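> here's a sequence, model it:
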Amino acid sequence: MANLTIFNSLSEKKEVFSSRKKISIYVCGVTPYDITHLGHAFTYVSFDMIIRYLRYLNYEVKYVQNVTDIDDDILKKAKETGIEWRLLGEKNFSLFLDDLQWLNIRQPDFFPRASDHIPEIISLIRTLLKKGFAYEKNRTVYFDVSKDHEYGKLSKINPEQMLPLLKERGGDPSDPNKKNPLDFVLWQKQQPGEPFWESPWGRGRPGWHIECSAMSMKYLGVPIDIHGGGGDLIYPHHESELAQSEKASGQLFVNFWLHTAMLYYQEAKMSKSLGNMVFVADLRKKYSANTVRLLLLSHHYRQEWEYSEPEIARAEKLNDLFKRIWLVQSGTGNEIEISSFRNDFFTALNNDFNSQQALQVLEHMVNISLKTDKNITPAKAFLNLAFNILGLRVEY
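Model prediction:
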């Protein structure tokens with residue numbers, strides 16, 4: 001079998017993946033202030049397929065997906081709804097888990113919550129302060145971007161481009177306590193009515209980026225083989241996570257950075273502010289899990305695409321096609337030759353997990369199998385194997 005190549009967001013090119021048997025994967029999880037949308041599903045179905053394939057290739061995968069259960073968005077939503085922040089997070093995360101189960105997404109080995117890892121977060125911040133990469137001002141601790149001359153190496157954007165993105169994605173460039181508008185919060189002092197934890201800098205709570213660094217390093221160490229998440233996390237989240245982790249440890253943080261593409265709907269990026277979200281809970285009322293999973297896997301994980309009714313109708317039609325082959329009598333003649341389909345399927349997945357091409361191979365194989373007089377048992381057996389790799393269920 002050919003070498004597995006993976007597109008690395010850091011190098012911006014495909015690289016041959018590690019041959020080490022034991023590998024570590026960290027994927028940024030949800031901030032459970034709302035229910036699961038299709039963008040979430042695209043990311044977690046994509047990584048579920050990736051991990052299934054790596055395990056098929058006999059890699060021993062240790063997989064961590066965090067839960068950002070303390071965050072500005074949760075506190076804002078809790079205030080709007082009158083629901084206590086922890087209860088709000090637990091309720092929405094429970095719904096998220098149910099959606100993952102429905103989509104046949106296997107749970108990670110660890111589901112760490114940020115609020116359970118305050119000691120690790122404080123310890124990491126202490127290290128950054130001791131090494132001179134952070135500073136404290138008015139009981140809030142910041143990472144000093146000016147001390148990291150590599151800051152921006154993941155996102156490939158300059159400071160002028162970072163500023164509007166930082167503001168859009170939860171940062172505050174105008175914070176008067178900062179030395180530099182791009183400096184980011186490691187620990188923020190308690191505001192009236194907010195939850196808090198005791199720290200050397202007073203009562204407060206962790207910043208967003210430091211949570212993932214502390215949890216990933218606790219469960220996986222460094223370097224992590226694959227670190228993933230949605231493309232909108234590249235800056236500021238992953239850029240900042242990379243900076244603080246490497247400065248604290250003095251080591252390479254991640255070998256491969258993988259990012260899923262953005263989804264569009266009604267000719268615009270799916271966004272809560274635009275109100276053009278598609279929620280998994282609504283799709284569950286009309287379609288099978290296989291249909292939704294086929295919809296997602298019919299797009300390469302790095303390919304931007306737009307959700308539409310014709311798109312999901314096409315996935316439903318493909319699901320119906322796959323259903324037919326299970327019910328067809330296999331025949332008693334010579335067996336159908338499937339080696340070319342098998343080769344093309346694995347070639348697609350070895351090429352940066354190209355599920356889109358892999359599904360096209362399966363569709364072609366099934367169409368031929370349904371028209372032949374030959375014994376199609378080998379096609380059924382291979383389709384079953386491919387379904388297990390892609391996380392699809394056999395349906396009648």
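
> show me where this protein has strands.
In the chain, the segments counted as strands under DSSP state E are 5-8, 13-16, 22-27, 60-65, 134-137, 140-143, 184-189, 204-206, 224-230, 254-260, 263-265, 268-269, 305-307.

> can you flag the weakest of those by average pLDDT?
Of all the strands of the chain, strand 268-269 carries the lowest average pLDDT, namely a mean of 90.

> can you list contacts of it?
Under the criterion Cβ atoms under 8 Å, 6 or more residues apart in numbering, residues 262-263, 274, 276 lie in contact with strand 268-269. Backbone N, C-alpha and C define where each C-beta goes, glycine included.

> neighbours around the nearest residue to F96 once chain neighbours are set aside, how many?
With Cβ to Cβ, 6 or more residues apart in numbering as the criterion, F96 has its nearest non-adjacent residue at 5.1 Å, and that residue is T36. Counted with other Cβ atoms under 10 Å, the burial measure for T36 works out to 25 neighbours.

> quick one on the thing from earlier: point out the least confident one among the contacts of strand 268-269.
L274 (81).

> burial measure for it, as a count.
L274 is surrounded by 11 other residues when neighbours are defined as other Cβ under 10 Å.

> who's in contact with it?
A268 are the contacts of L274 under Cβ under 8 Å, 6+ apart.

> likewise for K323?
Shown in contact with K323 (Cβ under 8 Å, 6+ apart): 395-396.

> so for it, what's the pLDDT?
Here, the pLDDT recorded for K323 equals 97.

> do you know how far it is from E335?
Using Cβ to Cβ, to the nearest Å, one obtains 22 Å as the distance from K323 to E335.

> repeat for I125
The value you get for I125 to E335, if Cβ to Cβ is used, is 63 Å.

> give me the below-cutoff pLDDT ranges for the stretch 101-250 of the chain.
Nowhere does the stretch 101-250 of the chain drop to pLDDT under 70.

> residues near E15, how many?
Applying other Cβ under 10 Å, we find 16 other residues in the vicinity of E15.

> repeat that for the one 10 residues further on.
By the criterion of other Cβ under 10 Å, I25 has 25 neighbours.

> would you check how far apart the residue lying closest to A348 once chain neighbours are set aside and K21 are?
Beyond its immediate neighbours in the sequence, the residue positioned closest to A348 (Cβ to Cβ, 6+ apart) is Q357, lying 3.7 Å away. Relative to K21, Q357 is positioned 27 Å away (Cβ to Cβ).

> neighbour count winner among those two?
Looking at Q357 and K21 with other Cβ under 10 Å, you find the greater number of neighbours at Q357, namely 15 against 8.

> and the residue nearest the centre of the chain, what is it in contact with?
To find the centre residue of the chain, average its C-alpha atoms and take the closest one (Cα atoms, centre = their mean): that gives G229, at 3.3 Å. G229 makes contact with 27-28, 43, 237-238, 259-260, according to Cβ under 8 Å, 6+ apart.

> now with 7 Å, please.
G229 is in contact with 27-28, 43, 238, 259, counting by Cβ atoms under 7 Å, 6 or more residues apart in numbering.

> okay, it and L75: tell me how far apart.
Here the criterion is Cβ to Cβ. By it, G229 lies 22 Å from L75.

> same check on S115?
Per Cβ to Cβ, S115 is found 12 Å from L75.

> cool, G193 as well?
When distance is defined by Cβ to Cβ, G193 is 9 Å away from L75.

> out of these two, which sits in the busier spot?
Taking G193 and L75 together and counting by other Cβ under 10 Å, L75 has the greater number of neighbours (18 against 8).

> report the contact partners of the residue nearest to that one when sequence neighbours are not counted.
With Cβ to Cβ, 6+ apart as the measure, W85 is the residue that lies nearest to L75, at 5.6 Å, once sequence neighbours are left out. Residues near W85 by Cβ under 7 Å, 6+ apart: 74-75, 78, 195.

> quick one, helices of the stretch 51-200 of the chain?
72-81, 85-102, 118-130, 159-168 (DSSP state H, counting those that start in this stretch).

> got a list of what the nearest residue to L4 once chain neighbours are set aside touches?
Of all residues not flanking L4 in the chain, F17 sits nearest, at 4.5 Å (Cβ to Cβ, 6+ apart). Counting by Cβ under 7 Å, 6+ apart, F17 touches 4-6.

> please report how far A315 lies from D225.
Using Cβ to Cβ, one obtains 31 Å as the distance from A315 to D225.

> likewise Q251?
With distances defined as Cβ to Cβ, the gap from Q251 to D225 amounts to 14 Å.

> the more surrounded of those two?
Under the neighbour definition other Cβ under 10 Å, Q251 and D225 were set side by side, and D225 has more, 21 against 11.

> which residue comes closest to the more buried one once chain neighbours are left out?
The spatially closest residue to D225, leaving aside those adjacent along the chain, is I23, at 4.2 Å (Cβ to Cβ, 6+ apart).

> partner residues bridging the one you found?
According to DSSP bridges, the partner residues bridging I23 are V61.

> quick revisit: out of the helices of the stretch 51-200 of the chain, which is closest to P310?
The closest approach between P310 and any of the helices of the stretch 51-200 of the chain, judged by Cβ to Cβ, belongs to helix 85-102 at 23.2 Å.

> list the buried residues for the closest one?
When neighbours are counted by 16 or more other Cβ atoms under 10 Å, the buried residues of helix 85-102 are found to be 85, 88-89, 92-93, 95-96, 99-100, 102.

> just want the angle from that helix to helix 72-81.
Counting by axes from the mean of the first three to the mean of the last three Cα atoms, to 10 degrees, helix 85-102 lies at 110 degrees to helix 72-81.

> convert the C-alpha atoms of helix 85-102 to CSV, please.
This file holds the C-alpha atoms of helix 85-102, laid out as CSV (Å, rounded to 0.1, in the frame of the first residue of the first chain):
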residue,chain,number,x,y,z
TRP,A,85,-23.3,28.6,33.1
ARG,A,86,-22.3,25.1,34.2
LEU,A,87,-25.9,23.7,33.7
LEU,A,88,-26.1,25.4,30.3
GLY,A,89,-22.9,23.8,29.2
GLU,A,90,-23.8,20.4,30.5
LYS,A,91,-27.2,20.5,28.8
ASN,A,92,-25.8,21.5,25.4
PHE,A,93,-22.9,19.1,25.7
SER,A,94,-25.3,16.2,26.4
LEU,A,95,-27.2,17.1,23.2
PHE,A,96,-23.9,17.3,21.3
LEU,A,97,-23.0,13.8,22.5
ASP,A,98,-26.3,12.5,21.4
ASP,A,99,-25.8,14.0,17.9
LEU,A,100,-22.3,12.4,17.7
GLN,A,101,-23.7,9.0,18.6
TRP,A,102,-26.5,9.4,16.0
